[in-house]
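Enquirer: what would the 3D arrangement of this be:
(one chain, ligands or ions: 1)
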Amino acid sequence: MSILGIDYEKCSNCRICLTTCFMFRWDKEQEKVLFSDPYNLCNLCAHCIARCPEDAIQHEGIGEAFEYEGIAKPETIASYDTIYKFLRANRSVRLYKKKKVPPEILRKVFQAMENAPTGDNRRTENFSIISNTEQIKKLSDAIQEELINHPLTKGRYTRVFRILGKIFRSPIFFDAPHVIFIDSPEHHEVEANNIGIIITYGRLAAQALGLGTCWNGWSQIAMNSNPEIKKLANIDGKGIGAFIIGYPAVKFVRSPPRAPKEIKGLE
Ligand SMILES: Cc1cc2nc3c(=O)[nH]c(=O)nc-3n(C[C@H](O)[C@H](O)[C@H](O)COP(=O)(O)O)c2cc1C
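Expert: Residues are numbered from 1 along each chain as shown. I've put the predicted structure just below:
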């Protein structure tokens with residue numbers, strides 16, 4: 001996985017790459033741009049690829065760039081008004097149809113998640129999905145057990161799960177047809193942020209596909225206090241995050257109120 005260098009057949013010497021990354025330099029004698037990364041500092045952000053007008057940056061093992069109308073002026077793709085309404089429509093869905101989501105639709109959700117930014121562009125997180133109802137039930141039972149027995153959570157959750165247990169077979173997951181997990185093999189300082197952003201990308205993509213989702217912090221809390229539970233989800237990462245996904249059996253006819261925040265420093 002790396003940036004290999006420059007395709008001089010395509011390069012027009014416009015030198016945009018020089019203003020993009022310090023690994024590119026102008027060689028006066030050869031009168032051309034050179035790329036070198038002697039200290040292995042390239043984090044594969046690929047801004048060089050994204051900016052080169054001639055598509056002259058050679059690379060391998062990092063996927064393909066994507067060129068489409070509006071990329072250079074994203075504000076023409078979706079207006080603030082559209083985005084704001086889309087964001088305000090995002091709800092935590094806790095009522096699902098039984099029907100499974102076809103893999104090709106789920107793949108689009110993962111595709112959006114793959115494009116979430118991560119600190120230092122590390123992208124070390126693993127993605128997985130559980131769609132087997134019995135496995136979801138076993139996991140739900142183990143997580144519930146942990147939350148209602150652990151001294152730090154039992155006060156908060158015992159009553160909640162007594163009620164939810166009367167409504168759902170897998171109360172932790174509200175009987176959703178799928179649970180998506182993101183787990184990371186490392187304890188990176190900003191790992192929780194990475195996982196949160198990945199989940200958010202996935203949830204927004206899901207909304208654009210007519211799917212409902214709900215963040216599942218309960219999995220995270222229980223798996224952190226009892227790492228054995230991760231085995232039931234076939235994951236073993238240090239950082240974890242989860243959300244449920246499926247066709248919603250609920251409609252919202254207005255976006256709920258959210259009290260405005262006072263913004264310090266903004267006139
Ligand atoms: C980090 C995080 C963890 C959450 N964990 C859970 C959870 O475990 N179970 C649940 O039912 N909802 C969970 N939620 C959903 C919140 O309760 C929900 O976002 C909040 O009540 C506002 O509702 P809305 O998302 O529909 O606007 C979580 C949300 C976030 C951001």
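
Enquirer: pretty sure residue 264 belongs to a strand, no?
Expert: No - when DSSP: H, G, I helix; E, B strand; the rest coil is applied, residue 264 is found to be coil, with no strand at that position.

Enquirer: host element of the residue in the chain sticking out farthest from the centre?
Expert: For the chain, the residue at maximal distance from the C-alpha centroid (CA atoms, centre = their mean) is residue 29, at 45.5 Å. Using DSSP states H and E, no element contains residue 29; it sits outside every helix and strand.

Enquirer: quick check: it vs residue 65, distance?
Expert: Between residue 29 and residue 65 the computed distance is 31 Å (CB to CB, to the nearest Å). For every residue, glycine as well, the C-beta is placed using N, CA and C.

Enquirer: and for residue 4?
Expert: Look at residue 4 and residue 65: by CB to CB, they are 14 Å apart.

Enquirer: just the pLDDT at the closest residue to residue 168 other than its chain neighbours, thanks.
Expert: Closest residue to residue 168 apart from its sequence neighbours, by CB to CB, 6 or more residues apart in numbering: residue 175 at 4.8 Å. Note for residue 175: predicted pLDDT of 98.

Enquirer: and residue 175, which of the three is it?
Expert: Classification of residue 175 into helix, strand or coil gives coil, according to three-state DSSP.

Enquirer: contact partners for it?
Expert: Residue 175 makes contact with 96, 98, 168-169, according to CB atoms under 8 Å, 6 or more residues apart in numbering.

Enquirer: at 10 Å what do you get?
Expert: Contact analysis of residue 175 by CB atoms under 10 Å, 6 or more residues apart in numbering lists 94-98, 133, 136-137, 140, 167-169, 244, 246, 249.

Enquirer: and residue 156, by the same measure?
Expert: 147-148, 150, 221.

Enquirer: closest residue of the stretch 101-250 of the chain to the ligand?
Expert: Among the residues of the stretch 101-250 of the chain, residue 217 lies closest to the ligand, at 2.9 Å counting by CB to the nearest ligand atom.

Enquirer: phi and psi next, for that residue.
Expert: Main-chain dihedrals, residue 217, degrees, to the nearest 10: phi -60, psi -20.

Enquirer: same deal with the one 10 residues further on?
Expert: Dihedral angles phi and psi of residue 227 (degrees, to the nearest 10) take the values phi -60, psi -20.

Enquirer: is it correct that it is in contact with residue 240?
Expert: Yes - counting by CB atoms under 10 Å, residue 227 does reach residue 240; the two are 9.4 Å apart.

Enquirer: would you quantify the distance from the residue farthest from the centre of the chain to residue 36?
Expert: 15 Å.

Enquirer: which stretches in the stretch 151-267 of the chain count as strands?
Expert: 178-184, 212-215, 239-246 (DSSP state E, counting those that start in this stretch).

Enquirer: how about the residues of the stretch 1-150 of the chain near the ligand?
Expert: Residues of the stretch 1-150 of the chain lying near the ligand by CB under 6 Å from any ligand atom: 91-92, 94.

Enquirer: and if we set it to 8 Å?
Expert: Contact residues of the stretch 1-150 of the chain with respect to the ligand, defined by CB under 8 Å from any ligand atom, are listed as 90-94.

Enquirer: give me the low-pLDDT residue ranges for the chain?
Expert: The model of the chain has no residue with pLDDT under 70.

Enquirer: how about the helices in it?
Expert: With helices called from DSSP state H, the chain shows them at 47-51, 80-88, 103-114, 133-149, 154-167, 191-208, 217-225.

Enquirer: hmm, the residue of the stretch 101-250 of the chain closest to the ligand is touching residue 192, no?
Expert: No - using CB under 10 Å as the test, residue 217 is too far from residue 192 to be in contact (11.2 Å).

Enquirer: related to what we said a few turns ago, and of the strands of the stretch 151-267 of the chain, who's closest to residue 260?
Expert: Minimum separation from residue 260 across those (CB to CB) falls at strand 212-215, 22.8 Å.

Enquirer: helices and strands around the closest one, which ones?
Expert: For strand 212-215, the elements it packs on are helix 191-208, strand 239-246, judged by 3 or more CB pairs under 10 Å, 6 or more residues apart in numbering; DSSP states H and E.

Enquirer: ok, residues contacting it?
Expert: Contacts of strand 212-215 with the rest of the structure, by CB under 10 Å, 6+ apart, involve 90-97, 109, 173-174, 176, 178, 180, 196, 199-200, 202-207, 241-250.
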